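Undergrad: requesting a structural model of the entry that follows:
(2 chains)
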Amino acid sequence: MRVLAPNGEEKTLMALNIGPSHGATHGCLRYMTALDGENIVASVGEIGYLHRGFEKMAERGTWQQVIPFTDRLNYCSAMMNNFAYCHAVEQMLGIDLPERAKVLRVIVNELSRIADHFICVAAAAQDLGSTTGFFYMFDSREMIMVIWEKLTGARLTNSYGRIGGLYRDTYEGFENDVLAVCKQVGKNLHDLHACFDRNRIFLDRTVGIGVMPAKRAIEWGWTGPCLRACGVASDVRKDEPYYDYETYDWNVVTGTKGDVYDRLMVRLAEAEESVKIVQQALKRLQPGPVSVDDPRIRVPSHESAYQDMEALAGRFKTVFEGIRVPAGEYYSGSEVANGELGFTLVSDGSGKPWRVKVRPPCFTQFAAFHELVEGSLLADSIACLSSINIIAGELDR
Amino acid sequence: MSSDCENQVKEPVVATAEARRAFESSAFACLEKEFGAVRSDKDSWGLTAVIAADKLRDSVLFLKNDPQFQMDMLVDIAGVDYLGFEDYAGPRFAVLYMFKSVYLPAHRLSLKVFVSEADLKVPTISDIYPIANWQEREVFDQFGVIFVGHPDLRRILNHVEFVGNPLRKDYPAHRRQWLSTNDYMLPVLEARLEAKGYKILSRSKEILPNEEEYLTGSIKK
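TA: Take a look at the predicted model:
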C-alpha cells in the first residue's frame, strides 16, 4: 500500500500476515504487520483461534467439574491452574487446607513453574535458532513429567487439584524423585548459562529488543515474569501470600530494562528460586491427610463410603448436587508461571457456578504486543513473541 | 500515580488483613461520598462497590490518580448475566471491573455497574487504562454490552460472522453456526497506521487464491 509518512515521505508498505498456523506462533494466534523493508511500521494482533467456550462449559456442570477444564488453560503447567481455581473456591467456602496438602501444592506449583519457564525459554531458544538450548531445558522438564505420570497418571492434563485438597497422596519415593529433579535443574541451568551468557548471537538477538517501560507495563496490566523483567518486584506469592509462601526463604527476581533478554533471564533465575522453595518444602513434608475431612466438600473415600451411612450420602450429594458455595461474587488471583491467573466466580448458592471468568495472564501481554514490535525488525517480533510466553489455550479459553 | 514511576523501586510489602480492612473502609467511604457508590450485598470476601454508569469514568479516574489509593492496574473486566438468577430483581447484566495497586498490595477492589437489557450502554475506560480496550471488546463479544466511546469495538474471541452473544444465559450451548471466511485484517492495519500519523494513499488489493497468476492446477479452479 502507498502511504504518506508523518515526515512527508511517500512510501510503499507491504502488509504481511503471520500466523495463525506459523511455527513460531506457539499455538494459533495471528498478527498482521505493515513492513517498510524489514522494519515493522505497524502491527495488529488477532486472537480467538483456540476459543473453545471454557466459560460457557464451566456454567453447565458442578463446581468440581470445572477442574478438568482448567487443565486446558495453560497446558504447560496444568496443575497450577487446578490449584488456582480450587484456591478461589476454597476462599469462598472459607476452609483451610491440611498442612500436607499445602506443602504438596507448593511443591507441585514450583515444579510446574520450573517446567513452564523451561518450556518458554526452550521455545525461545529454538525460535532464535538454538536447538542445543532447547534440549538442555527439556532434560529436567522430562524428569518433572515422569513425576507427574507417577503422581497423577497423566503427563499433560493432570487434574490433580480438588476443592478442599488433592486427588490422592504421593507415591513411595516421591521425595527422592523431586530431589533428583532439583539437582538436575541446577545442572541444566549451568549448561544453559554456559551456552547463552557470552553467546554473541543470542545477545544480539535479545538485548535491547522489545523494551517495555515499567509504567507502561503496569498500564497494560502485565503481571508475572514479564512485569518483573521491567524492574517491578510484584509477585502475588509475596504480596498476598497463600499456602504459607511467606514462611519460605526465597527472593523475587527482577530485571532492569524489560527487554527480551530480561524476560528470559528472569524466568531462568525464578527457576532457581523455585528449587529453593521445593527443597525447603520437602523438609516440611510430614505424613497426614491431603484433603479436608468434610463430606460436603471433599468426596469421602470408598472405604468409608462402604462402611458409613453419612459418607455414602455425602458421596452421592457431592457428586450429583455439587458443593454448595455461598452466594456471592469474588475475584481471586494466584501467581502462576505466566503471571496473575485470576478467577472471577459468581455463585448463586447452588451446586453449580453461575459464572466463571478467567483472567489469563498472557491476554494482557499479547494486547500490548504491537508496542513491543513496532519499530523493530520482523525477525525480532519472533523473539518478542516467544519472550512473553503466549499459551493460546489460556489466551483464547 | 507519580510520573517518576519508571525509576520507583518496589519493595515487597505484604498485604495484611488489617491493611486490607483499612483500605476497604477508606476507599468505600470516599466512593460513597464522591460518587454515591453502594456496597454490594454479595461481597463477603472483598470490597465490591456498585456504581452508576455515568459516574464510572470519574470514579475510575479518581481511584487511579488519588495518591492515597493508587489503583494503577486494571486486572480484569467481567460481564455477568443474571437472567434466571434465584431471587434476583434488577437489571439483567452487570459489568465487574477488578482493580489492584501494584505498589500497595493490600489495595484491591471491584467496581460493579448494572446494565439493563434495554439500554446495554456503559462508558468506555479504554482511554484511562489501555488494556481495557481488549477487555471491553471481550465483554461486548460475549454479552453484547456496548461500551460508548470505545475506539474499536469488534468481536475478539468469536468469529466475525458469529451471530449472538454466547455467554448470555439464553444462548444455547449446543447451537452450531457455520462460519466460512477468514477475518480480513487489512482495514484494522490501516486504522493502526492512521493512528500513528500515516496517510493511506492507495490500498493494496486483496488477491484471492484463484487469481494468483503463477498458480496452476486444482486451486486455479
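Undergrad: let me see the ranges of the strands in the stretch 151-300 of chain A.
TA: Per DSSP state E, counting those that start in this stretch, the stretch 151-300 of chain A carries strands over the ranges A:161-162, A:165-166.
Undergrad: do the same with chain B
TA: Ranges of strands within chain B are B:38-39, B:48-50, B:73-81, B:93-100, B:108-115, B:121-123, B:146-148, B:199-202, based on DSSP state E.
Undergrad: can you put the ones you listed in JSON lines and add mean neighbour count and distance to chain A?
TA: To be clear about C-beta, it is placed using only N, CA and C from the backbone, and glycine gets the same treatment. Shown next, in JSON lines, are the strands of chain B (neighbours: other C-beta atoms under 10 Å in any protein chain shown; distance: least, C-beta to the nearest C-beta, whole Å):
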{"stretch": "strand B:38-39", "mean neighbour count": "14", "distance to chain A": "12"}
{"stretch": "strand B:48-50", "mean neighbour count": "23", "distance to chain A": "6"}
{"stretch": "strand B:73-81", "mean neighbour count": "26", "distance to chain A": "4"}
{"stretch": "strand B:93-100", "mean neighbour count": "24", "distance to chain A": "5"}
{"stretch": "strand B:108-115", "mean neighbour count": "22", "distance to chain A": "6"}
{"stretch": "strand B:121-123", "mean neighbour count": "19", "distance to chain A": "16"}
{"stretch": "strand B:146-148", "mean neighbour count": "17", "distance to chain A": "15"}
{"stretch": "strand B:199-202", "mean neighbour count": "12", "distance to chain A": "4"}
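Undergrad: tell me the helices and strands packed up against the worst-scoring helix or strand of chain B on mean pLDDT.
TA: Counting by mean pLDDT, DSSP states H and E, the weakest-scoring helix or strand in chain B turns out to be strand B:38-39, with a mean of 80. Where contact means 3 or more C-beta pairs under 8 Å, 6 or more residues apart in numbering or on different chains; DSSP states H and E, strand B:38-39 is packed against helix B:17-35, strand B:48-50.
Undergrad: so for residue A:106, what's the pLDDT?
TA: Listed pLDDT for residue A:106 reads 93.
Undergrad: isn't it up against residue A:279?
TA: No - under the criterion of C-beta atoms under 8 Å, residue A:106 makes no contact with residue A:279, lying 11.3 Å away.
Undergrad: who has more neighbours, the two?
TA: residue A:106 (25 against 15; other C-beta atoms under 10 Å in any protein chain shown).
Undergrad: wait, a strand at that one?
TA: No - counting by DSSP: H, G, I helix; E, B strand; the rest coil, residue A:106 is located in no strand; its state is helix.
Undergrad: how much space between it and residue B:153?
TA: 43 Å (C-beta to C-beta, to the nearest Å).
Undergrad: can you check residue A:189 too?
TA: Distance of residue A:189 to residue B:153, given as C-beta to C-beta: 46 Å.
Undergrad: okay, the two: which has more neighbours?
TA: Ranked by neighbour count (other C-beta under 10 Å), residue A:189 and residue B:153 place residue A:189 first, with 21 against 18.
Undergrad: low-scoring stretches of the chain, by residue?
TA: Chain wasn't specified; assuming chain A. Within chain A, no stretch has pLDDT under 70.
Undergrad: the chain in question should be chain B.
TA: B:1-12, B:182, B:205-221.
Undergrad: and residue A:366, what are its phi and psi?
TA: The phi/psi pair for residue A:366 (degrees, to the nearest 10) reads phi -80, psi -30.
Undergrad: that one: neighbouring residues, count only.
TA: Residue A:366: 22 neighbours (other C-beta under 10 Å).
Undergrad: isn't it right up against residue A:390?
TA: Yes - using C-beta under 8 Å, residue A:366 is in contact with residue A:390, at 5.5 Å.
Undergrad: hey, what's in contact with both of the two?
TA: Taking C-beta atoms under 8 Å, 6 or more residues apart in numbering or on different chains as the criterion, residue A:366 and residue A:390 both touch residue A:29.
Undergrad: can you name the residues that contact residue A:358?
TA: Here residue A:358 is in contact with A:54-55, A:73, A:341-343, A:394, A:397 (C-beta under 8 Å, 6+ apart).
Undergrad: give the ChimeraX command for selecting the buried subset of these.
TA: Only the buried members of these enter the following ChimeraX selection, criterion being 16 or more other C-beta atoms under 10 Å in any protein chain shown:
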select /A:54,55,73,341,342,343,394,397
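Undergrad: just put the contacts of residue A:358 in TSV and tack on secondary structure and distance to residue A:378.
TA: Formatted as TSV, the contacts of residue A:358 follow (DSSP: H, G, I helix; E, B strand; the rest coil; distance: C-beta to C-beta, whole Å):
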residue	secondary structure	distance to residue A:378
A:54	helix	33
A:55	helix	35
A:73	coil	30
A:341	strand	31
A:342	strand	34
A:343	strand	37
A:394	helix	26
A:397	coil	29
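Undergrad: could the contacts of residue A:358 go into JSON lines alongside distance to residue A:143?
TA: Listed next are the contacts of residue A:358 as JSON lines, based on distance: C-beta to C-beta, whole Å:
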{"residue": "A:54", "distance to residue A:143": "30"}
{"residue": "A:55", "distance to residue A:143": "35"}
{"residue": "A:73", "distance to residue A:143": "24"}
{"residue": "A:341", "distance to residue A:143": "25"}
{"residue": "A:342", "distance to residue A:143": "31"}
{"residue": "A:343", "distance to residue A:143": "30"}
{"residue": "A:394", "distance to residue A:143": "25"}
{"residue": "A:397", "distance to residue A:143": "30"}
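Undergrad: and chain B, which of the contacts of residue A:358 contact it?
TA: A:55, A:342, A:397 (C-beta under 8 Å from any C-beta of the partner chain).
Undergrad: next up, the contacts around the second one.
TA: By that I understand residue A:342. Residue A:342 touches A:331-334, A:358-359, B:75-76, B:98, counting by C-beta under 8 Å, 6+ apart.
Undergrad: now do the last one
TA: Residues in contact with residue A:397 (C-beta under 8 Å, 6+ apart) are A:51-55, A:73, A:358, A:360, B:157.
Undergrad: with adjacent residues omitted, what lies nearest to the residue most central in space within chain A?
TA: The centroid of chain A falls nearest to residue A:337 when counting by C-alpha atoms, centre = their mean (3.7 Å). Leaving aside its sequence neighbours, residue A:337 sits nearest to residue A:116 (C-beta to C-beta, 6 or more residues apart in numbering or on different chains; 3.5 Å).
Undergrad: for the stretch 251-397 of chain A, which residues are neighbours of chain B?
TA: Checking the stretch 251-397 of chain A against chain B by C-beta under 8 Å from any C-beta, the hits are A:252, A:326-333, A:340, A:342, A:344, A:346, A:348-350, A:354-355, A:357, A:359, A:363-364, A:367-368, A:370, A:374, A:396-397.
Undergrad: can you give me the helices for chain B?
TA: For chain B, the helices defined by DSSP state H cover B:17-35, B:56-65, B:132-143, B:186-195.
Undergrad: re earlier: now do the host helix or strand of the residue nearest to residue A:337: distance to the chain's middle.
TA: Element membership for residue A:116, per DSSP states H and E: helix A:99-127. Here the centre of helix A:99-127 is set off from its chain's centre by 8 Å, with C-alpha atoms, centre = their mean, to the nearest Å.
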